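1. Quick check, what structure comes out for this input:
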Amino acid sequence: MKTATDVQRGIDSFEVLRPFGPCIVKARIPEQVQTDLIQVFERNGEANDHSMELAGNMIREFTIDDSVLDAEQAQRFIQLLADGSAEVYKAAQTVRWENTKRYVTQRHIDIVEPRMHNMQLSCAIHASWGNISVAGDFNPSHSHAGGISGVGYLRLPDDIEQEWENEDHDPSAGLINFINGSTLPLDSNSTRFKPSVGDIYFFPAWLIHEVYPFRSKGERWSFSFNTSIENLYDDTELTNADKKVIKEHLFK
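-> Numbering: from 1, shown residues only. The predicted model follows:
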């Protein structure tokens, strides 16, 4: 027999635990980097075609590298990608460590906790490319190579805001959608973001994502990239030397 009851707050306090799932970092592209990249897009005919390497169905996809960026522009661009990628790495390690601390010993915590505040990160840029989209273009569900990927926005169609306002249900035109895992009760496996000029998103390269088409006239300019991050110092995992220290302490 099924019964129902009014829902009442029966606990004084609670916390929401986040033991699973990827971290997505949203940031702003510095004004000078936006200017640098807009110049690259304006003369994208000088860049190498990159469409055969990508999943997207777009009017133009081209490589962003030293052939279209001067030394200062390249340095600013690389710094942006490295800084944002580092934030994804630190966020993921922080979530992992906060969950790990729930069950490890104090000796374990004493060894690892200082490392969380003393990371020495090195970033490698594997590829970066520009995307020019017009009405009807889209990107099917896919993931990237490398460890961390991202997308930044430089231009949107003039009428895209009106198009979003006119969508009658489940707005999706031109949005990027991230998917992680299966659709299950009491679980959320996807989230969408509405592009805005100057926004940039960093996320794990393996995270499935897709871009919906739009109908508005004009072009959307975005850029994407693949990077990897390495911590040159010890991370949250115990080393053999750490385990030896703990073992020696136990048998003193």
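2. for residue 224, phi and psi?
-> phi -130, psi 170 (degrees, to the nearest 10).
3. Who does it form a beta bridge with?
-> residue 129, residue 151 (DSSP bridges).
4. Please report how far residue 97 lies from residue 134.
-> Remark: distance between residue 97 and residue 134 (C-beta to C-beta, to the nearest Å) = 45 Å. For the C-beta atoms, the positions are set from N, CA and C on the backbone; glycine is no exception.
5. An error on my part: the question was meant for residue 179.
-> For residue 179, the distance to residue 134 - C-beta to C-beta - is 25 Å.
6. Ok, residue 74 next?
-> Residue 74 is 28 Å from residue 134, by C-beta to C-beta.
7. give me every residue that touches the closest residue to residue 73 other than its chain neighbours.
-> With sequence-adjacent residues excluded and distances taken as C-beta to C-beta, 6 or more residues apart in numbering, residue 73 is closest to residue 36, at 4.3 Å. Shown in contact with residue 36 (C-beta atoms under 8 Å, 6 or more residues apart in numbering): 69, 73, 76, 77.
8. Can I take it that residue 36 is in a helix?
-> Yes. Counting by DSSP: H, G, I helix; E, B strand; the rest coil, residue 36 falls inside a helix.
9. So residue 67 sits against residue 44, correct?
-> No. The pair residue 67 / residue 44 is not scored as a contact, 11.5 Å apart, by C-beta atoms under 8 Å.
10. Pick out whichever of these two has more residues nearby.
-> residue 44 (17 against 9; other C-beta atoms under 10 Å).
11. Leaving out sequence neighbours, find the closest residue to the more buried one.
-> Using C-beta to C-beta, 6+ apart, the closest residue to residue 44 is residue 62 (5.1 Å).
12. ok, how many other residues are close to the one you found?
-> Neighbours of residue 62 (other C-beta under 10 Å): 21.
13. what do you get for residue 175?
-> Residue 175 has 16 nearby residues by other C-beta under 10 Å.
14. what do you get for the one 5 residues further on?
-> Using other C-beta under 10 Å as the criterion, residue 180 is surrounded by 19 other residues.
15. and it, what does it touch?
-> If you count contacts by C-beta under 8 Å, 6+ apart, residue 180 has them with 21, 22, 189, 190, 207, 208.
16. what's the distance between it and residue 150?
-> To residue 150, residue 180 is 16 Å away according to C-beta to C-beta.
17. do residue 164 as well
-> Taking C-beta to C-beta, one finds residue 164 at 23 Å from residue 150.
18. Neighbour count: the two, which is higher?
-> It is residue 150, of residue 164 and residue 150, that has more neighbours when counted by other C-beta under 10 Å, with 25 against 16.
19. any idea which element the residue lying closest to residue 246 once chain neighbours are set aside lies in?
-> Closest residue in space to residue 246, ignoring its immediate chain neighbours: residue 107 at 5.2 Å, by C-beta to C-beta, 6+ apart. Assigned by DSSP states H and E, residue 107 belongs to helix 106-112.
20. Identify each buried residue in that helix, please.
-> 108, 111, 112 (16 or more other C-beta atoms under 10 Å).
21. which residues does the second one contact?
-> Taking C-beta under 8 Å, 6+ apart as the contact definition, residue 111 lies against 238, 242, 245, 246.
22. For burial, what's the neighbour tally of residue 171?
-> Residue 171: 15 surrounding residues under other C-beta under 10 Å.
23. Next one: it from residue 106, what distance?
-> Counting by C-beta to C-beta, the gap between residue 171 and residue 106 amounts to 49 Å.
24. Give me the pLDDT value at residue 50.
-> For residue 50, the model assigns a pLDDT of 94.
25. residue contacts, it?
-> Counting by C-beta under 8 Å, 6+ apart, residue 50 has contacts 61, 62, 63, 129, 130.
26. now do residue 33
-> 76, 77, 80.
27. No further questions, thank you.
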